[in-house]
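Engineer: here is my input; please provide its structure:
(4 chains)
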Number of protein chains: 2
Amino acid sequence: MSDLLERLRGRGWRLTAQRRVVAEVLDGDHVHYTADEVHALATERLPEISRATVYNTLGELVSLGEVLEVSTDGRAKRYDPNAHHDHQHLVCSRCGTIRDVHLQGDPLSALPEPERYGFEVSEVTVTYRGLCPTCSGHHA
Amino acid sequence: MSDLLERLRGRGWRLTAQRRVVAEVLDGDHVHYTADEVHALATERLPEISRATVYNTLGELVSLGEVLEVSTDGRAKRYDPNAHHDHQHLVCSRCGTIRDVHLQGDPLSALPEPERYGFEVSEVTVTYRGLCPTCSGHHA
DNA sequence: ATCCTACATTGGACATTGTCTAAGTCAAGA
DNA sequence: TCTTGACTTAGACAATGTCCAATGTAGGAT
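Structural biologist: Below is the predicted model:
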């Protein structure tokens, strides 16, 4: 996502210090921050940035398809910059850590036609849950 | 789930009017209410029931494994009484309708060992999204 | 049948997450 | 450099969920 800013500018995105900082915070393939975490990290680089702008910018990045919105639990949504490689998530039920994982086969094909009830199915998300190595050690 | 109350009593659940009403509201296989919806419906039968009790009772039913918690979007969680038949969900991206669906094969097997990163994977949820027949008609 | 008491319920304050708006600020083209 | 429409801001507001002290009650004990 190193040339994200270039791509966005090409699409007529007005480049501001705030937007640059949010994009920089999200840069990195294994990052799944909440909006508040993004805000906290952005604040380190640009102390005046407001919560509203972080929410706005994240929403725009999602609309532009540059970042994915992930809501694993009922808590805060997380933002996943790895939008250009198809993947799913593996979540630790104890500590909440998220890892990107890659599946064998297309999960869409696991849903038979008669189970589609006339829907135009266009998307599927698969979330695996379990204990991560660290957490499963705790209670052994 | 007709004998849910029996089962719960057998487990030492103290049966109160409030708990009975919440369980009755959830009775039905194709129901995916939010806590607020459950509260509204419960209030029709037992006007004094409080929000806190609805939340408490739903939480207990989930802990007891009698009801599933489903959070499809980042909005309110929904409660699914169909906890004894393995199934997944198909959600309309426009109106939010949820249908239970049954998959071919076990989605757990789609995650190769090297993609498990040492996790003890115990659960998988699959959510299909698309337009339901009614909503896909709208924009045709 | 009545009493006890541990457990359940209640209302309302509080917490978290997210949205909206009016007023001020600024990036970038002319 | 100037202008202008888009961006940012603070803070009010909304939606959802949690917590607590006071009160009520289901169900076993008597």
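Engineer: switch to C-alpha atoms for all contacts and neighbour counts from now on
Structural biologist: Fine.
Engineer: who in chain A is up against DNA strand C?
Structural biologist: Proximity of chain A to DNA strand C (Cα under 7 Å from any atom of the strand) is limited to residues A:9, A:14-17, A:34-36, A:51-52, A:55, A:75-78.
Engineer: which helix runs longest in chain A?
Structural biologist: helix A:51-63 (DSSP state H).
Engineer: now that helix, how far from the centre of its chain.
Structural biologist: The gap between where helix A:51-63 is centred and where its chain is centred comes out at 13 Å by Cα atoms, centre = their mean, to the nearest Å.
Engineer: also stretch A:119-126?
Structural biologist: Worked out by Cα atoms, centre = their mean, stretch A:119-126 lies 18 Å from the chain centre.
Engineer: how about stretch A:4-15?
Structural biologist: With Cα atoms, centre = their mean, you get 20 Å for stretch A:4-15.
Engineer: please apply the same query to stretch A:73-82.
Structural biologist: 5 Å.
Engineer: how about stretch A:106-121?
Structural biologist: How far stretch A:106-121 lies from its chain's middle: 25 Å, per Cα atoms, centre = their mean.
Engineer: show me which positions of the longest helix of chain A end up buried.
Structural biologist: Residues A:51, A:54, A:57-59, A:61-62 are the ones in helix A:51-63 that count as buried (16 or more other Cα atoms under 10 Å in any protein chain shown).
Engineer: and stretch A:72-86, by the same measure?
Structural biologist: Those would be A:72-74, A:77-83, for stretch A:72-86 by 16+ other Cα under 10 Å.
Engineer: what would those residues look like in JSON lines with distance to chain B, pLDDT and secondary structure?
Structural biologist: Conversion of the buried residues of stretch A:72-86 to JSON lines gives the following (distance: Cα to the nearest Cα, whole Å; pLDDT from 0 to 100; DSSP: H, G, I helix; E, B strand; the rest coil):
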{"residue": "A:Thr72", "distance to chain B": "8", "pLDDT": "83", "secondary structure": "coil"}
{"residue": "A:Asp73", "distance to chain B": "7", "pLDDT": "82", "secondary structure": "coil"}
{"residue": "A:Gly74", "distance to chain B": "6", "pLDDT": "81", "secondary structure": "coil"}
{"residue": "A:Lys77", "distance to chain B": "6", "pLDDT": "96", "secondary structure": "coil"}
{"residue": "A:Arg78", "distance to chain B": "10", "pLDDT": "96", "secondary structure": "strand"}
{"residue": "A:Tyr79", "distance to chain B": "12", "pLDDT": "97", "secondary structure": "strand"}
{"residue": "A:Asp80", "distance to chain B": "15", "pLDDT": "96", "secondary structure": "strand"}
{"residue": "A:Pro81", "distance to chain B": "18", "pLDDT": "94", "secondary structure": "coil"}
{"residue": "A:Asn82", "distance to chain B": "17", "pLDDT": "93", "secondary structure": "coil"}
{"residue": "A:Ala83", "distance to chain B": "17", "pLDDT": "92", "secondary structure": "coil"}
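Engineer: which of these sits closest to DNA strand D?
Structural biologist: A:Gly74 (6.2 Å; Cα to the nearest atom of the strand).
Engineer: contacting residues around the nearest residue to that closest one once chain neighbours are set aside?
Structural biologist: Closest residue to A:Gly74 apart from its sequence neighbours, by Cα to Cα, 6 or more residues apart in numbering or on different chains: B:Ser71 at 5.8 Å. Contacts for B:Ser71 (Cα atoms under 8 Å, 6 or more residues apart in numbering or on different chains) come out as A:71-74, B:77-78.
Engineer: got the residues of chain A near DNA strand D?
Structural biologist: Looking at DNA strand D, the residues of chain A close enough under Cα under 7 Å from any atom of the strand are A:13-14, A:16-19, A:48-53, A:56-57, A:74.
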